[in-house]
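>>> model this:
(2 chains)
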Amino acid sequence: GAGVSQSPSNKVTEKGKDVELRCDPISGHTALYWYRQSLGQGLEFLIYFQGNSAPDKSGLPSDRFSAERTGGSVSTLTIQRTQQEDSAVYLCASSLRRPADTQYFGPGTRLTVL
Amino acid sequence: GENVEQHPSTLSVQEGDSAVIKCTYSDSASNYFPWYKQELGKGPQLIIDIRSNVGEKKDQRIAVTLNKTAKHFSLHITETQPEDSAVYFCAASSSGTSGTYKYIFGTGTRLKVLA
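Okay, here's the model as predicted:
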């Protein structure tokens, strides 16, 4: 079956603009995660959705970052008033039910803020 | 806060030799320890994982060991091949209180297998 997909694969934007990044998880997976990977760094947890429960937003770095998950499937990560330090690869992952289930990652969206 | 330390940051081995990557975690509640391989331009892919009730797990040329007392776990790759060259990440996971979730990644090890 299809894996996790993300779009766009690359996004270049100007400082101060808003961007939306999309994630399509594996069908049937109820848990969805967003991570940020800066150049040469590890993965930084941003937000976690589990079914219809309130998301765990404990990793969001500022109130400029927000995410939604509509209908328990597709998720959108929105960054408002982008800054140069937001430049990174944004990775989405999904798992069957919970974090300790295997997480399957998408290819990521490379965001460059000029 | 909790963290996961990973060493070394880079590792070069000759083809056929073994490679060992080590991680140390701080959260004693961690109970799930996956390892991911990330190739250039791709997302991380799970290669092996271990849970806290097991001390060692093997899958062909790959093995993971866990020492809960010392809070460290290691990835062992034997008979390395050029296609093993990638960045490897460890992670430690636990279910926090009030439905929060912790899944902390190490900073990665860039493995180069020299032909």
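>>> Nearest residue to the closest residue to chain A within chain B in space, please, no chain neighbours.
Among all residues of chain B, B:G43 sits closest to chain A, at 3.2 Å; criterion: Cβ to the nearest Cβ. Where you see a C-beta, it was placed from the backbone N, CA and C, and this is true even at glycine. Take B:G43 and drop its neighbours on the chain: the residue closest to it by Cβ to Cβ, 6 or more residues apart in numbering or on different chains is A:F105, 3.2 Å away.
>>> Could you do B:E83 as well?
Nearest to B:E83 is B:V113, by Cβ to Cβ, 6+ apart, at 7.9 Å.
>>> what about the residue nearest the centre of chain A, distance to chain B?
Closest to where the C-alpha atoms of chain A average out (Cα atoms, centre = their mean) is A:W34, at 3.3 Å. A:W34 sits 12 Å away from chain B when distances are taken as Cβ to the nearest Cβ, to the nearest Å.
>>> who touches that residue in this structure?
Neighbour list for A:W34: A:C23, A:L46, A:I47, A:Y48, A:A67, A:S75, A:L77, A:Y90, A:L91, A:C92 [criterion: Cβ atoms under 8 Å, 6 or more residues apart in numbering or on different chains].
>>> can you check A:H29 too?
A:S94, A:S95, A:L96, A:Y104.
>>> Check the secondary structure at the residue nearest to the third one when sequence neighbours are not counted for me.
Closest residue to A:L96 apart from its sequence neighbours, by Cβ to Cβ, 6+ apart: A:H29 at 5.7 Å. Secondary structure assignment for A:H29 (DSSP: H, G, I helix; E, B strand; the rest coil): coil.
>>> Show me which residues of chain B are close to chain A?
Taking Cβ under 8 Å from any Cβ of the partner chain as the measure of proximity, chain B contacts chain A at B:6, B:31-32, B:34, B:36, B:41-46, B:49, B:51, B:89, B:91, B:93, B:95, B:99-108.
>>> Any regions of chain B where pLDDT drops low?
Applying pLDDT under 70 to chain B flags residues B:1, B:95-101.
>>> residue contacts, the residue most central in space within it?
The residue lying closest to the centre of chain B (Cα atoms, centre = their mean) is B:C90, at 3.2 Å. Applying Cβ under 8 Å, 6+ apart to B:C90 gives the contacts B:V4, B:Q6, B:I21, B:C23, B:F33, B:P34, B:W35, B:Y36, B:F73, B:L75, B:F105, B:G106.
>>> filter those to the buried ones?
In these, burial by neighbour count holds for B:V4, B:Q6, B:I21, B:C23, B:F33, B:P34, B:W35, B:Y36, B:F73, B:L75, B:F105, B:G106, counting by 16 or more other Cβ atoms under 10 Å in any protein chain shown.
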